[in-house]
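> Make a model of this:
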Amino acid sequence: MRYFDAHCHVQFDQYAHDADELIVKMGSEGVGGIVVGVDEESSKKALVLAEKYEHLYASVGLHPNHVGEEVFDMSAYRALAEHPKVVAVGECGLDYYRPVEVNDEVKRIQKEVFKKHIELAALLHKPLIIHARPSKGTQDAYHDVITILQDAKIRHPDLRGDIHFFVGGVAEAEAFFVLDFTISFTAVITFARDYDAVIRAAPLDRILSETDAPYLAPASRRGERNDPFAVQDVVAKMAEIRGEDADRVRLVTLENSKRLFGIA
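Numbers count the residues shown, from 1 in each chain. Purely as a prediction, here's the structure:
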């Protein structure tokens with residue numbers, strides 16, 4: 001394996017006509033990845049792909065934007081998460097950005113469900129994949145996630161995970177590093193400069209590469225469906241921003257993913 005996409009959704013309908021072809025090509029070109037669930041159905045589909053392909057793994061969870069549509073069934077998610085090809089719990093967390101009003105009750109429910117994911121991850125000794133999106137012009141969701149994780153670490157000192165699609169500042173990143181969490185970046189960094197300061201400031205051993213495919217194709221393919229091959233663009237851009245050797249960044253970020261998710 002040469003590259004690793006720590007967060008993709010190749011089980012989504014956008015790949016219905018060519019998923020197998022794409023995934024086989026990933027394997028032949030040395031691109032592995034984690035297929036991330038956002039609800040029970042997509043989590044099951046992620047596991048099906050992980051069972052079928054050696055270079056794919058799965059994560060199972062309920063995205064905060066779906067907590068009003070589906071009740072988090074701990075027993076059902078535990079049954080999925082216990083599978084050896086499931087290497088993480090999530091995508092879970094807090095989202096205060098979406099266009100509908102995120103009032104105090106919505107936040108309360110999101111936090112409650114997020115805490116259940118934390119307990120499941122701690123129970124099974126698997127890392128979390130966390131989605132946190134603040135309301136516009138703030139870092140509120142990150143601050144709430146940090147507070148919740150700080151409390152959880154008291155009970156579960158070995159709790160770990162990745163903050164997917166990180167859009168916070170240096171201060172928020174450093175708070176996650178203290179908690180023994182990594183942060184990951186998507187191909188947005190190939191066309192937006194908002195993340196450069198954090199990418200430069202972060203210790204290289206705390207960074208993962210991801211695509212969030214099918215969303216957010218790199219600058220070279222803007223407007224198209226994204227895929228896990230874009231992780232190559234992400235790694236190259238991180239190296240450029242940091243002023244470091246691209247192959248070293250590739251190797252270290254690959255090892256970071258392997259270490260966090262327990263992948264050989």
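> hang on, isn't Gly90 packed against Val145?
No: assessed by CB atoms under 8 Å, Gly90 is found out of contact with Val145, at 11.8 Å. Backbone N, C-alpha and C define where each C-beta goes, glycine included.
> Just the buried residues of stretch 139-150, please?
139-146, 148-149 (16 or more other CB atoms under 10 Å).
> Just the ones of these in helices?
140-146, 148-149 (DSSP state H).
> which residues in the chain form strands?
With strands called from DSSP state E, the chain shows them at 3-8, 31-36, 56-60, 86-95, 128-133, 161-164, 181-185, 207-209.
> Could you dump those into a markdown table with mean pLDDT added?
A markdown table is the format used below for these (pLDDT from 0 to 100):
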| stretch | mean pLDDT |
| --- | --- |
| strand 3-8 | 98 |
| strand 31-36 | 98 |
| strand 56-60 | 99 |
| strand 86-95 | 98 |
| strand 128-133 | 98 |
| strand 161-164 | 98 |
| strand 181-185 | 98 |
| strand 207-209 | 98 |
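> May I see those strands arranged in TSV, with distance to Glu255 as well?
Putting those into TSV (distance: least, CB to CB, whole Å) gives the following:
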stretch	distance to Glu255
strand 3-8	9
strand 31-36	13
strand 56-60	16
strand 86-95	15
strand 128-133	18
strand 161-164	14
strand 181-185	12
strand 207-209	10
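> Identify, from the buried residues of stretch 139-150, the entry nearest to Pro84.
Among the buried residues of stretch 139-150, Leu149 lies closest to Pro84 (CB to CB), at 25.7 Å.
> just checking, the closest one touches Asp180?
No: with contact defined as CB under 8 Å, Leu149 does not count as touching Asp180 (9.6 Å).
> any shared contact partners between the two?
Leu159 (CB atoms under 8 Å, 6 or more residues apart in numbering).
> And for Phe191, the neighbour number?
13 (other CB atoms under 10 Å).
> Take the buried residues of stretch 139-150 and lay them out in TSV including distance to Lys44 and pLDDT.
TSV is the format used below for those (distance: CB to CB, whole Å; pLDDT from 0 to 100):
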residue	distance to Lys44	pLDDT
Gln139	34	97
Asp140	32	97
Ala141	27	98
Tyr142	30	98
His143	33	98
Asp144	29	98
Val145	26	98
Ile146	31	98
Ile148	27	98
Leu149	27	98
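> Can I get the ones in helices among the buried residues of stretch 139-150 in TSV including distance to Thr190?
Formatted as TSV, these follow (distance: CB to CB, whole Å):
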residue	distance to Thr190
Asp140	27
Ala141	24
Tyr142	23
His143	28
Asp144	29
Val145	26
Ile146	28
Ile148	31
Leu149	29
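> which two of those residues lie the greatest distance from each other?
Comparing all pairs in those by CB to CB, the longest separation belongs to Asp140 and Leu149, at 15.0 Å.
> Tell me where this protein has helices.
Under DSSP H, the chain gives helices at 19-28, 40-52, 74-81, 104-124, 140-155, 170-178, 196-201, 231-242, 246-261.
> residues in contact with the closest residue to Ile109 other than its chain neighbours?
Using CB to CB, 6 or more residues apart in numbering and skipping the chain neighbours, the partner closest in space to Ile109 is Val67 (5.5 Å). Residues near Val67 by CB under 8 Å, 6+ apart: 109-110, 113.
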